[in-house]
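Student: A predicted structure for the sequence below; I have some questions about it.
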Amino acid sequence: MTDRWGVVAKRAENLMPGIPYVRGWAQARRSASTLAEQLTALGLESDFPGLTADVNVSGDGLVRMGSIRPEAALMLAELIVSGLMAETATHADSTAEGTRAARRSSSAA
């Protein structure tokens with residue numbers, strides 16, 4: 001996905017033989033569709049009108065979000081943080097439950 005300088009490669013405008021553009025674009029399309037479904041479920045589809053699949057000159061899929069309002073970017077960041085916090089809490093709860101179960105089984109022995 002990066003060029004030799006470590007920068008994101010340019011989007012493919014002129015296709016070259018032997019590069020799997022369709023594979024990269026199809027992967028990007030699936031990812032963009034999944035993101036669009038989640039944004040729609042949250043009522044945010046109108047905040048991301050430029051969401052689309054694309055491909056770069058190397059055949060790597062790209063998901064373009066387009067230009068968005070600062071409020072939409074802030075909301076997306078807050079949703080990511082909320083999801084990470086929920087995931088962390090779930091992991092902590094399952095770890096604590098595993099510790100309690102281990103204590104119960106070791107004290108029963």
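Tutor: Cool, got the structure.
Student: what's the pLDDT at the closest residue to residue 72 other than its chain neighbours?
Tutor: Spatial nearest neighbour of residue 72, chain neighbours left out: residue 47 (3.8 Å); criterion: C-beta to C-beta, 6 or more residues apart in numbering. All C-beta spots, glycine's among them, are computed from the backbone N, C-alpha and C. What the model reports as pLDDT for residue 47 is 93.
Student: Count residues in the vicinity of residue 47, would you?
Tutor: By other C-beta atoms under 10 Å, the residues close to residue 47 number 17.
Student: and if you look at the one 3 residues further on?
Tutor: As a burial measure, residue 50 scores 9 neighbours (other C-beta under 10 Å).
Student: what secondary structure does it sit in?
Tutor: Three-state assignment for residue 50 (DSSP: H, G, I helix; E, B strand; the rest coil): coil.
Student: Test my guess that it contacts residue 68.
Tutor: Yes: the pair formed by residue 50 and residue 68 meets the contact definition of C-beta atoms under 8 Å, at 7.4 Å.
Student: residues contacting the residue nearest to residue 72?
Tutor: 39, 68, 69, 71, 72, 75 (C-beta atoms under 8 Å, 6 or more residues apart in numbering).
Student: What about the last one, how many residues nearby?
Tutor: So the one you mean is residue 75. 16.
Student: could you say which helix or strand contains it?
Tutor: helix 70-108 (DSSP states H and E).
Student: So for that helix, mean pLDDT?
Tutor: 79.
Student: For the residue nearest to residue 72, give its distance to residue 22.
Tutor: Per C-beta to C-beta, to the nearest Å, residue 47 is found 29 Å from residue 22.
Student: cool, residue 57 as well?
Tutor: 14 Å.
Student: go on, residue 61?
Tutor: Relative to residue 22, and taking C-beta to C-beta, residue 61 is found at 10 Å.
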